[in-house]
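In: My questions are about this predicted structure, shown below with the sequence.
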Amino acid sequence: MVQPLIEFKGVTKRFSHHTVLDQIDLQIYEGEVATIIGKSGGGKSVLLKHIVGLLQPDEGYILYKGQPIHQMNKREWDQYIRQVSYMFQNNALFDSMTVFENIAFPLRQTTHLNRRVIEEKVRLRLEQMELHEVEKKYPSELSGGMQKRVALSRALVTDPKIILFDEPTTGQDMIRRNAILSMISEYQKRLGFTAILISHDVPDVFFISNRILALDEGKIIFQGTPEAFETFQHPFQDEFVESLEELQEHLTGIYSKRHFKVRYQQMLHRKRSQEKFVVGLFTLEDFDGLCASLGHTTGQKVLDSLGRYINKHFGTVGGFSARQGRSQFSIVLPFSDLHEAEEILKDFSRELREEGLRTIQTEARLYRESCYEFIILGGLAESQFGVKEIDHILDQARKNQREVARVFCGERR
């Protein structure tokens, strides 16, 4: 059995007579993205602060690689804490420092790097987070969303092994929210750090998470994969997730993965048994590469425009669409067979090449001098209502994917 990187055993925390954490048991594993979800004021930030020693449990203990952190000597504690970076919910930027100085601060305080190396590392983060134009400004001169990006850059600048993100996308619009989640995912894959997030961005955060931990009334009531959470039978699931999905503006404004399945089940009850329908799956290939070339914000604009184009096209023929992954969209054509759907796909592919790509480029503000390439894949699968689970049909559509459109560096055709 794999040993947890961080483990809580029976952790309880009280403030006066109020119990915030109640006999918490949880495990976080190395190299994963773990997201903690729960209602506001439910103790999520309190939980994170225990990991870095800002708070001590009243009962229970916390293990790092099997060792209780409260039993560490000074050398062991210093070695542990140097590997951890914390992005606070309120950003905790220094008002007297410029953006550049705020991001450089951890390097100057915790490393012996020379001035040139520190400047190179800071400028890299400034460029990646699209902050280079404000590097000489002070936090008070920035919007709340831009302050959040400065705090995120500072959390990443030391290349830590563990990063704690306390609601990293608060105050961001829909595009930048997904851009930040995408950036966290990319750097986590590239650098291999363990990411622990607190987030209300359901369902968007599920697309980058390996593990979900649900905190309700001071207890961990679920820990497992995002897929397992979708079928988790508990009042928390319905009350928390559905309320957030109804309030939030999602990427492209189309169905979430959860609501997609709900609508499918509703159709299943209305349709005659054995009646045919077709599922399609579209993928923006090498989305991480696209974001690396153009920046995460621009990459999300491309994805948003593509999703809306898919939704518009297939909506006119009676279909409905949903976001299935970071760069994947599904469609259902409830009145079609495979032959008819293939003709619809051909029309879509032709229109996408002739008009859609220009629309996507314009909406995402991709210019001729920009260097990029992206490929859109599409695949179809036919089934009958009541015969197969929707996930099985989506897997078949995924296997049938082929290139339906491609755009090269600066191409406008």
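Out: Good, I have the coordinates.
In: residues contacting P160?
Out: 83-85, 193 (Cβ atoms under 8 Å, 6 or more residues apart in numbering). Bear in mind the C-beta positions are built from the backbone N, C-alpha and C, glycine included.
In: Buried ones among those residues?
Out: Neighbour-count burial within the contacts of P160 applies to 84-85, 193; the criterion is 16 or more other Cβ atoms under 10 Å.
In: In strands, which of these fall?
Out: Among these, DSSP state E puts 84-85 in strands.
In: any chance of the buried ones among the contacts of P160 in a markdown table, with pLDDT and distance to V117 too?
Out: Shown next, in a markdown table, are those (pLDDT from 0 to 100; distance: Cβ to Cβ, whole Å):
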| residue | pLDDT | distance to V117 |
| --- | --- | --- |
| V84 | 93 | 22 |
| S85 | 91 | 18 |
| F193 | 93 | 20 |
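In: closest to I220 among the buried ones among the contacts of P160?
Out: For the buried ones among the contacts of P160, the residue nearest I220 by Cβ to Cβ is V84; the value is 20.7 Å.
In: Quick one: residues contacting V122.
Out: 100, 103-104, 107, 157.
In: do that again at 7 Å, thanks
Out: Contacts for V122 (Cβ atoms under 7 Å, 6 or more residues apart in numbering) come out as 100, 103-104, 157.
In: One more: S199?
Out: Contacts of S199 by Cβ under 7 Å, 6+ apart are 35, 37, 167, 169, 205.
In: before we move on, what about F374?
Out: Listed by Cβ under 7 Å, 6+ apart, the contact set of F374 reads 284-285, 290, 302, 407.
In: 6 Å - rerun?
Out: Taking Cβ atoms under 6 Å, 6 or more residues apart in numbering, we find F374 in contact with 290, 407.
In: Run through the bridge partners of it.
Out: Assessed by DSSP bridges, F374 has beta-bridge partners V407.
In: any idea how far the residue nearest to F207 when sequence neighbours are not counted is from F88?
Out: Sequence neighbours aside, R326 is the residue nearest to F207 in space, at 4.5 Å (criterion: Cβ to Cβ, 6 or more residues apart in numbering). Counting by Cβ to Cβ, to the nearest Å, the gap from R326 to F88 is 26 Å.
In: got it, and L333?
Out: Distance, L333 to F88, using Cβ to Cβ: 47 Å.
In: Tell me which of those two has more neighbours.
Out: Ranked by neighbour count (other Cβ atoms under 10 Å), L333 and F88 place L333 first, with 23 against 17.
In: if we can go back for a sec, for the buried ones among the contacts of P160, could you give me TSV that also reports distance to K9?
Out: Formatted as TSV, these follow (distance: Cβ to Cβ, whole Å):
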residue	distance to K9
V84	19
S85	24
F193	24
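In: List just the nearest of the buried ones among the contacts of P160 to F229.
Out: Nearest to F229, judged by Cβ to Cβ, of the buried ones among the contacts of P160 is F193 at 23.0 Å.
In: separation between that closest one and L124?
Out: F193 is 16 Å from L124, by Cβ to Cβ.
In: Please enumerate the strands of the stretch 1-150 of the chain.
Out: Remark: strands assigned in the stretch 1-150 of the chain by DSSP state E, counting those that start in this stretch are 6-15, 18-28, 33-38, 59-64, 67-68, 84-87.
In: got those strands as JSON lines, with distance to T316 columns?
Out: Listed next are the strands of the stretch 1-150 of the chain as JSON lines, based on distance: least, Cβ to Cβ, whole Å:
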{"stretch": "strand 6-15", "distance to T316": "50"}
{"stretch": "strand 18-28", "distance to T316": "46"}
{"stretch": "strand 33-38", "distance to T316": "36"}
{"stretch": "strand 59-64", "distance to T316": "55"}
{"stretch": "strand 67-68", "distance to T316": "60"}
{"stretch": "strand 84-87", "distance to T316": "43"}
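In: Alright, I will stop here.
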